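**Student:** got a predicted structure here, sequence first:
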Amino acid sequence: MSVALALVCAVLWGTADFVGGTATRRSSASVVLFWSIVAVLPVVAIIAVVSGDLQMYSVATPWGAAAGLTACVGILSLYRGLSTGVMGVIAPIASTSVIVPVVVGLLTGSTIGALCAAGIVLAVIGVVLAGGPNLREFRTGGHRPLLFALGAAAGIGLSLVAVARGSETSTITTLAVSRLAYLAVLVPVVMGGRATVRTGDRTTLRLAVMAGFGDVAAVGLYGLATRSGPVAVTAALASMFPIATLLLARRIDGERLVREQVVGVVLALAGVVVIVTTQ
């Protein structure tokens, strides 16, 4: 059962990334993310209240705020990368966010095995190969989507650390507060920028809402999967979400990767799986 849930989770996450990235090609990343959060926040609030596990005066609250702030920066970077670069390259690079918790663990006194270290090396080599064609276009700005992808990996990775710390006390509180923190960042960004929240483009709004619900559904299924099966296996399967993004980009947008990028994407994903399964 946990395997099926994890695979569905990967499909939902990968699809949400593709949909969010597509919406960002029609509007700004901040507006798209704003609407996706506004759409799902009432649902998250209801679940938090009904569950009876809302602990606003616990340590989960600051960790939830930290998770929301870092994730917001990470997702904004991801959407910018997906909308300006090759989705089949950007998504796998962003998935190397799993390296961040490992690095944080090392900085706080943890140790890693040889297999985990090998996974990190694989992921790094994969990132370099996947981004090779873009790096060669440095002078024309071809490297910028890669910077967004790396920014997404850093932001999302830090949010994983914060979610894990907050969930030790209350997962529901951590998730609920993180969504509120999203708005604390997005409202001033949207209101202070040129983009408008009152978009007349219903397609963009629909895509933003779909991305928001896809992400929340994936998080919920991931939580269920980790409770009914081995966490390492569940996390490894869920981390394959870039495959869904890549397939959708190829099927719908007609994206094609050169051989160097294909090898890089495979190595990056393999490294991510190795890292996750050794934790």
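**Tutor:** Great, that's in hand.
**Student:** what helix or strand does Asp17 sit in?
**Tutor:** helix 2-24 (DSSP states H and E).
**Student:** with just CA atoms, put that helix into CSV.
**Tutor:** The C-alpha coordinates for helix 2-24 follow below in CSV (Å, rounded to 0.1, in the frame of the first residue of the first chain):
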residue,chain,number,x,y,z
SER,A,2,2.8,2.4,0.9
VAL,A,3,4.5,1.8,-2.5
ALA,A,4,1.3,2.7,-4.4
LEU,A,5,0.8,5.9,-2.2
ALA,A,6,4.4,7.0,-2.8
LEU,A,7,4.1,6.5,-6.5
VAL,A,8,0.9,8.5,-6.6
CYS,A,9,2.6,11.1,-4.5
ALA,A,10,5.5,11.4,-7.0
VAL,A,11,3.0,11.7,-9.9
LEU,A,12,1.1,14.5,-8.1
TRP,A,13,4.2,16.4,-7.1
GLY,A,14,5.7,16.2,-10.6
THR,A,15,2.4,17.2,-12.2
ALA,A,16,2.0,20.1,-9.8
ASP,A,17,5.5,21.4,-10.7
PHE,A,18,4.7,21.1,-14.4
VAL,A,19,1.3,22.9,-14.0
GLY,A,20,2.9,25.6,-11.8
GLY,A,21,5.7,26.2,-14.2
THR,A,22,3.3,26.4,-17.1
ALA,A,23,1.2,28.9,-15.2
THR,A,24,4.3,31.0,-14.5
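**Student:** from the chain's centre, how far out does the following helix or strand past it sit?
**Tutor:** Next helix or strand after helix 2-24 toward the C-terminus (DSSP H and E): helix 29-51. Per CA atoms, centre = their mean, to the nearest Å, the displacement of helix 29-51 from the mean C-alpha position of its chain is 16 Å.
**Student:** what's the answer for stretch 269-277, then?
**Tutor:** With CA atoms, centre = their mean, you get 16 Å for stretch 269-277.
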